[in-house]
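Colleague: I need the structure of the sequence given here:
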Amino acid sequence: MEWKPEWWGWDDALEAEFAPYREHGYEPGRVTLEHKRLYRIVTAAGELLGEVSGKLMHQAAGRADYPAVGDWVALQPRLSDGRAIIHGLVPRRSKFSRRAAGPAVEEQIVAANVDTVFLVHALNQDYNLRRLERYLTLAYESGASPVILLSKADLCEDVEARTAEVESIALGVPVHAVSTLLGEGLDPLAAYLHPGKTVALLGSSGAGKSTLVNRLYGSEVLRTGGIREGDDRGRHTTTHRELIRLPEGALLIDTPGMRELQMWDADAGLGTAFGDVEELAQACRFGDCGHGSEPGCAVRAALEDGTLTAARYQNYLKLQKELAFEARKADSSLARAEKDRWKKIHSGLKNQIKRPR
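Modeller: Just a heads-up that it's a prediction; the model follows:
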């Protein structure tokens with residue numbers, strides 16, 4: 001594979017960030033695929049299979065401190081066997097995060113260093129405005145610019161009505177209806193696909209992300225599934241995150257479908273995604289208005305006259321509570337981890353004291 005760092009998003013600002021690693025003789029590379037703590041990395045020496053150094057592993061406080069697809073890393077190539085040791089991560093410009101699956105309370109980086117997020121939402125029986133609001137909240141929090149793609153437009157009887165619904169809850173966000181099956185609505189996407197810029201595709205299982213990537217690439221580069229009989233939902237096919245480079249030079253990150261997208265530290269994103277609700281709250285007569293029976297409540301007035309739908313407001317409250325709950329759990333988890341760390345330190349000191357001289 002040919003290598004020019006700018007082809008993969010490298011620029012002068014990244015070079016400046018990388019300067020300390022250069023002094024240690026390390027080289028830059030970008031993670032294009034992650035699989036069980038092994039990473040495919042594109043570098044000046046070609047594609048290498050990387051693993052993190054013992055020191056980096058020891059310093060990592062959680063999953064978020066390990067490389068993710070889209071990350072730039074500092075590595076030491078081992079060309080004899082096509083491998084590399086990863087010694088550090090270049091600070092991320094943006095990151096799309098969610099709470100990792102499982103009982104542990106920790107952040108999972110879905111994609112890093114993304115310029116634009118394509119939120120792919122199917123116009124079939126899986127259409128759900130409340131789920132789209134959740135994705136939009138985390139997209140705003142990521143630091144990347146969100147764009148909504150309403151996929152499978154060929155399965156929708158009234159595309160204009162659906163588009164208007166989405167525009168009403170995604171104020172100022174570009175919305176495009178597309179049909180990859182018919183090849184319709186794809187031309188406007190070229191405005192976001194600039195050489196060296198990274199676009200991440202996010203959405204539920206079967207929303208059509210991999211099919212869209214193949215359409216944009218011009219050939220079958222990712223495996224896709226058909227439509228299930230009975231509910232017209234697409235089959236889940238992508239099982240890992242992967243970054244590919246389009247022939248025209250743009251970079252795409254396809255991600256596995258996430259039907260359950262748990263929130264992670266997205267207070268600012270929530271405020272942006274629900275800017276209309278928070279603006280109404282600021283217009284209430286009292287600063288501590290609970291939006292119940294208080295006089296002069298702008299939120300309740302908007303609910304009564306239909307300016308704000310009850311479903312949107314209830315989803316705002318739900319996400320707000322979810323974020324607060326996750327924050328409390330994260331604080332508790334950090335406190336336990338710190339307590340365990342000091343227990344180990346004290347235990348080690350006691351053992352040293354008891355050890356005969």
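
Colleague: what segments of the stretch 51-200 of the chain are strands?
Modeller: Listed in chain order, the strands of the stretch 51-200 of the chain (DSSP state E, counting those that start in this stretch) span 72-78, 83-89, 95-99, 107-112, 116-122, 145-151, 175-177, 198-203.

Colleague: for the ones you listed, which has the smallest mean pLDDT value?
Modeller: Sorting the strands of the stretch 51-200 of the chain by mean pLDDT places strand 95-99 lowest, at a mean of 84.

Colleague: give the partner strands of it in its sheet and their orientations.
Modeller: Neighbouring strands of strand 95-99 in its sheet, by DSSP bridges, are strand 107-112 (antiparallel).

Colleague: stretch 197-209: end-to-end distance?
Modeller: 18 Å (CA to CA, to the nearest Å).

Colleague: and what of stretch 15-34?
Modeller: 24 Å.

Colleague: can you give the distance of that stretch from its chain's centre?
Modeller: Put simply, stretch 15-34 sits 22 Å off its chain's centre (CA atoms, centre = their mean, to the nearest Å).

Colleague: got it, and stretch 91-99?
Modeller: So, by CA atoms, centre = their mean, the centroid of stretch 91-99 is 6 Å from its chain's centroid.

Colleague: okay, buried residues for it please.
Modeller: For stretch 91-99, burial by neighbour count (16 or more other CB atoms under 10 Å) applies to Arg92, Arg93, Ser94, Lys95, Phe96, Ser97, Arg98, Arg99. All C-beta atoms are positioned from the backbone trio N, CA, C, and that covers glycine.

Colleague: cool, and stretch 287-300?
Modeller: In terms of neighbour count (16+ other CB under 10 Å), stretch 287-300 has its buried residues at Cys289, His291, Cys297, Ala298, Val299, Arg300.

Colleague: sec struct for the second one, please.
Modeller: Using DSSP: H, G, I helix; E, B strand; the rest coil, the secondary structure recorded for His291 is coil.

Colleague: I'd assumed Ala281 was in contact with it.
Modeller: Yes: in this structure, His291 is within contact of Ala281 by CB atoms under 8 Å, at 7.1 Å.

Colleague: what sits in contact with each of the two?
Modeller: In terms of CB atoms under 8 Å, 6 or more residues apart in numbering, His291 and Ala281 are both contacted by the residues Val299.

Colleague: tell me what Val31 is bridged to.
Modeller: Ile41.

Colleague: isn't it up against Tyr66?
Modeller: No: here Val31 does not reach Tyr66: they are 10.0 Å apart, not a contact under CB under 8 Å.

Colleague: so between the two, which is more surrounded?
Modeller: Val31 (24 against 18; other CB atoms under 10 Å).

Colleague: how far away is the more buried one from Ala273?
Modeller: Per CB to CB, to the nearest Å, Val31 is found 28 Å from Ala273.

Colleague: repeat that for Ala153.
Modeller: 23 Å.

Colleague: and Thr307, by the same measure?
Modeller: 17 Å.

Colleague: pLDDT weak spots in this structure?
Modeller: Counting by pLDDT under 70, the chain shows low-confidence ranges at 1-2, 101-105, 219-239, 257-265, 329-357.

Colleague: give me the most central residue, it.
Modeller: Phe96 (2.5 Å; CA atoms, centre = their mean).

Colleague: check contacts around it.
Modeller: Listed by CB under 8 Å, 6+ apart, the contact set of Phe96 reads Ile109, Val110, Ala111, Ala112, Val114, Val117, Leu138, Ala139, Ser142, Ala144, Ala200, Leu202.

Colleague: give me the beta-bridge partners of it?
Modeller: Beta-bridge partners, per DSSP bridges, of Phe96: Ala111.

Colleague: distance of it from Ala164?
Modeller: 27 Å.

Colleague: more neighbours: which of Thr307 and Ala273?
Modeller: Ala273 (29 against 12).

Colleague: wait, isn't that one in contact with Arg130?
Modeller: No: contact criterion CB under 8 Å: Ala273 and Arg130 do not qualify, at 11.7 Å.

Colleague: give the buried residues for stretch 306-322.
Modeller: Here stretch 306-322 shows Leu308, Arg312, Tyr313, Asn315, Tyr316, Leu319, Gln320, Glu322 as buried, counting by 16+ other CB under 10 Å.

Colleague: ok but the fourth one is inside a strand, no?
Modeller: No: if the criterion is three-state DSSP, then Asn315 is helix and not within a strand.

Colleague: which one is Ala44 nearest to, not counting chain neighbours?
Modeller: Leaving aside its sequence neighbours, Ala44 sits nearest to Trp3 (CB to CB, 6 or more residues apart in numbering; 5.0 Å).

Colleague: contact partners for Lys197?
Modeller: Lys197 touches Gly9, Asp115, Thr116, Ala250, Leu251, counting by CB under 8 Å, 6+ apart.

Colleague: quick one, domains of this protein?
Modeller: Domain ranges of the chain: 5-89, 95-254, per automatic domain parsing.

Colleague: could I get those in a markdown table, plus columns for distance to Gly269?
Modeller: Listed next are the domains of the chain as a markdown table, based on distance: least, CB to CB, whole Å:
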| stretch | distance to Gly269 |
| --- | --- |
| domain 5-89 | 16 |
| domain 95-254 | 3 |
